[in-house]
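# starting from these lines, generate the structure:
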Amino acid sequence: LTTRYVRSIEPVPTRPVRCITVAHSSELYLAGREMLVTHNTRTGAEWMLDEMTAFPNYWYAMIGPTFDEGRDIMVAGESGLLACAEARKIRYTWNKQLGHFKIRGGPECDLFSAEKPDGVRGPNLRCLWWDEPASARYGQELWTTVQFAMRKGNVKILLTGTPKATPFIKYLLSQADVII
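All right, here's what the predicted structure looks like:
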């Protein structure tokens, strides 16, 4: 790895941007020479709603870097679950204190924090969306715990986030059962 330093910072005018959306069956989006996870909050929210509406008889989960970031970005942010559900005219309830999202008359989804690896114990999940896994202090421990929770139907895990070549992301890339 090459060490890089910031030499200067210059302001530039802002312009409208859009998160990258990549269509691939693996649901894990990687970019660059080091195959780093890309930032895809909108993709994560749309993917979660697709899964929840297609398979309503299961339980779902989301993991944010912290509970507050998960709530404010993954769920309530401008590209989050609530905005996507409203755009699709999906009726839902959202308890922001508990981090509990429910499509009316359908499936439920709980929000967990990557700060607490043991927090995901217990649920019988079909799908899980984990945002910013590269920033997780306990990434490998959380990944191990998540594996035990994924036990209903055709299980799927989607990772989205800012590109970082952390030991945990490198660990994921080394696993034979991770599809890239």
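
# any idea how many residues pack against the nearest residue to Arg104 once chain neighbours are set aside?
Counting by Cβ to Cβ, 6 or more residues apart in numbering, Arg104 lies nearest to Arg91, which is 4.2 Å off, once chain neighbours are set aside. No exception for glycine: its C-beta is placed from N, CA and C like everyone else's. Residues near Arg91, counting by other Cβ atoms under 10 Å, number 11.

# hmm, Trp134 is touching Lys164, no?
I think there's a mix-up here, since residue 134 is Ala and not Trp. Yes: Ala134 lies in contact with Lys164 (Cβ atoms under 8 Å); the separation is 3.8 Å.

# how far away is Ala61 from Trp130?
9 Å (Cβ to Cβ, to the nearest Å).

# on that earlier part again, neighbour count for Ala134 and Lys164, which is higher?
Between Ala134 and Lys164, counted using other Cβ under 10 Å, Ala134 has the larger neighbour count: 20 against 14.

# if I look at that one, how far off is Gly119?
For Ala134 relative to Gly119 (Cβ to Cβ), the value is 19 Å.

# and the next element down the chain from the helix or strand bottoming out on mean pLDDT in the chain?
Sorting the helices and strands of the chain by mean pLDDT, DSSP states H and E puts strand 36-37 at the bottom, at a mean of 52. Per DSSP states H and E, the first helix or strand lying C-terminal to strand 36-37 is helix 41-54.

# partners of the helix or strand following that next one in the sheet?
Sequence-wise, the next helix or strand downstream of helix 41-54 (DSSP H and E) is strand 59-64. Sheet pairing of strand 59-64 (DSSP bridges) gives strand 108-113 (parallel), strand 125-131 (parallel).
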